[in-house]
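I would like the atomic coordinates for the input below:
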Amino acid sequence: MTDSPASSALSPPLLANKEGIASSESQTDALVIQRPPWQRAWYTRKRVLALLGLVALVIVFLAVFLPVFFIVIRKKGGSEVRAGAGSTIGGGSGSGVPNPASPSGATSGGDGSVIRLANGTEFTYRNSFGGFWVQDPADPFNNNARPNLWTPPLNTSWTWGKDRIHGVNLGGLFVLEPFITPDIFQRYPGAVDEYTLSQAMAADTANGGLSQLEQHYDTFITEQDIAEIAGAGLNFLRIPIAFWAIETWEGEPYLAKTSWKYFLRVLEWARKYGLRVCLDLHAVPGSQNGYNHSGRMSPVNFLAGNMGLANAERTLYYIRVFTQFISQPQYRDLIPIFGIVNEALVGIIGQDSITSFYLRTHDVIRNITGLGEGHGPYIAIHDGFQSLSVWDNFLQGSDRIILDEHPYFAFGGVNTDPIAADGDTGIAGIFAIGNFGVTFGGEFSASPNDCGLFMVGVGQVSSNPQCPEYDSWETFNTTMKEGIQNFVKASFDALGDWFFWTWKLGLRNGWIPQDPRSAVGMCQSLGAGTEPWDGTFQPWQTGTPSSIPEASSSQFPWPPVTISSASVPASLLPTYTNTAPVITLPPATFTAAPSSVTASADGWFNHQDTEGGITTVAGCPYPNEYDGIFSVVPTAACTGPESVATPTPPPV
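Predicted structure coming up:
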């Protein structure tokens, strides 16, 4: 999500606190999980005796028969590899229905089943939409779970234009942002981003040093959160992650390689409850936008500045490592989308340079996965805060590229219109699909302004005069609540496929829809006059193998001819060489599963990809990755040896 200077046209997204509105409260108060009213009302509403009997029969059917049915009888066309739960980090179990066809002890459960966590605590799974969880300790890659009756189970195909993303971001989990976890930043005055926070934490050995971040990873999102996301009628997670999940280099203060194991745990939970995942590379070397969520607030030094080319090469390498892992059969149905760089500022980088990078990334990924549906993830690219028309006819013939837009109303100027009027705005005219193809809203919020603690950055305060009113969410009147719900529902309807920013998503106070499907038709009801999307895409946009015509690709060479904001020609800029041992991401381990199950997901899908890993060229000077300031201005290229292909055996 964004955290831009005041001059930016679009700036940071808004945290949805327990009510989905910006709050100046601490994390303890602002991020408490709330039970939606429909869950409590289910047991309190008066029903006539006949209706009670009917409801009871429906519950029994959904909680008992359907889970068993989907476990015993796999859907036609489903994946041959299945997915599941129960890792050594700690997964839950449940008091669900035993699968009579599974001697390994698989269980499943629907609404009312009890989930028992690794620490001995329990919670009751609530899902009034017919969803059910599945867990098989001996088969941890079981893909039979389903979050609701209108979403296909993980073991069946997703059809774009017919199946709709009703998703939520796990913002602030693996990439920290001040307004999402203000209590952490308040403990370290002067910390404005994860870079400076990590430096301050590392020096604070008395309170655990940098390991405090691992405590955050372990507790910020729990299995109960994931269960409640499924129970809220949602079906997709967008999980921001940073390059330091793979590694850090000298001088980078981030906690290295630690978030990955907790990411794997979230994947287990997502699989257990039937939620698909969009992996989002949220922070890359050098910063793609200079905002705090990119790791460090700094000048853009990804595809811009003197380290722009080197940082882009390193980013390509990390994209390759992530792609190898998520393209494995055990994960490709669970993670069907890979957002390759979050919110790269195209206005600084340049349209041609970013297109060259996206084309190069497309080719790197498809050389690993192959072409067409079922061969690796869809590739999501952000619109760079450019007009959607800029992306019309982008790289025609490419294989499954999605355009990700982040239409926040909270930023870009002070908005003092009454919230009831905001609910009636022509949102659909802004959230347009355009002529790109598959498009979704990867981030948006429930707020029309930038009020709230740290919303515009540490030490900065919104200039909106209405902030006292918006921050007092406890006293919102009916008009305010209805206006916010209109605003949210119109956003849902206009986008069609969306990820709300951010869980923990609040439904309690009546301005977040209790059922995401209730938003369908909202734009037309508000007079926006938008026709529903007819679901028609070009075949190559949704998985029919094709190729990019030479006429569409030749004008975007790699590396780009020019790098913006660089003080020397692109030919003299620092680069890396791929002669280092390649990194493979460690797989999850499962205590109750056969060893062959764990070993089958070794972190590297395509072993014919034998190119080495990125490393510096011996003897070449490199400026700081975030400021790119040369100590000695280069006058000759320093590119090092030719790229060397090295064997890449699977990890032992």
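
all helices in the stretch 551-652 of the chain, in order from the N-terminus.
Secondary structure of the stretch 551-652 of the chain (DSSP state H, counting those that start in this stretch): helices located at 595-599.

Point out where it drops to low pLDDT.
639-652 (pLDDT under 70).

what's the average pLDDT for the helix or strand where residue 483 lies?
Using DSSP states H and E, the element containing residue 483 is helix 478-495. The average pLDDT within helix 478-495 is 86.

Tell me the buried residues in it?
Using 16 or more other CB atoms under 10 Å as the burial criterion, the residues of helix 478-495 that qualify are 480-495. All C-beta atoms are positioned from the backbone trio N, CA, C, and that covers glycine.

List the contacts of the spatially closest residue to residue 111 that is not a sequence neighbour.
If the residues on either side of it in the chain are set aside, residue 111 comes closest to residue 127, at 4.8 Å by CB to CB, 6 or more residues apart in numbering. Neighbour list for residue 127: 110-111, 147-148, 230-231 [criterion: CB atoms under 8 Å, 6 or more residues apart in numbering].

try it again with 7 Å
Neighbouring residues of residue 127 by CB atoms under 7 Å, 6 or more residues apart in numbering: 110-111, 230-231.

Highest neighbour count among the residues you listed?
Comparing the contacts of residue 127 on neighbour count, residue 230 comes out first with 28 neighbours (neighbours: other CB atoms under 10 Å).

so what does the strand or helix carrying that residue touch, helix or strand wise?
Here residue 230, judged by DSSP H and E, is contained in helix 223-231. Counting contacts by 3 or more CB pairs under 7 Å, 6 or more residues apart in numbering; DSSP states H and E, helix 223-231 packs against helix 259-273.

Let me know the average pLDDT across the helix it packs on.
The model assigns helix 259-273 a mean pLDDT of 98.

Quick one: name whatever helix or strand follows it.
Next element after helix 259-273 (DSSP H and E): strand 276-283.

returning to that earlier point: other residues contacting the next helix or strand after the helix holding residue 483?
With elements assigned by DSSP H and E, the helix or strand that comes after helix 478-495 is strand 498-500. Strand 498-500 is contacted from outside by 16, 165, 167-169, 236, 238, 440-444, 492, using CB under 7 Å, 6+ apart.

quick one: residue 273 from residue 501, how far?
20 Å (CB to CB, to the nearest Å).

Which residue ranges of the stretch 101-250 of the chain form helices?
Using DSSP H, counting those that start in this stretch, helices in the stretch 101-250 of the chain cover 182-186, 194-203, 212-219, 223-231.

Need the winner for burial among these.
Stretch with highest mean neighbour count among those: helix 223-231 (a mean of 23; mean count of other CB atoms under 10 Å).

looking at the sheet around the residue sitting nearest the centre point of the chain, what are its partners?
Centrality entry for the chain: nearest residue to the mean C-alpha point is residue 238, 2.5 Å, by CA atoms, centre = their mean. Going by DSSP bridges, residue 238 is paired in beta bridges with residue 169, residue 278.

That one against residue 167, yeah?
Yes. Counting by CB atoms under 7 Å, residue 167 is a contact partner of residue 238 at 5.8 Å.
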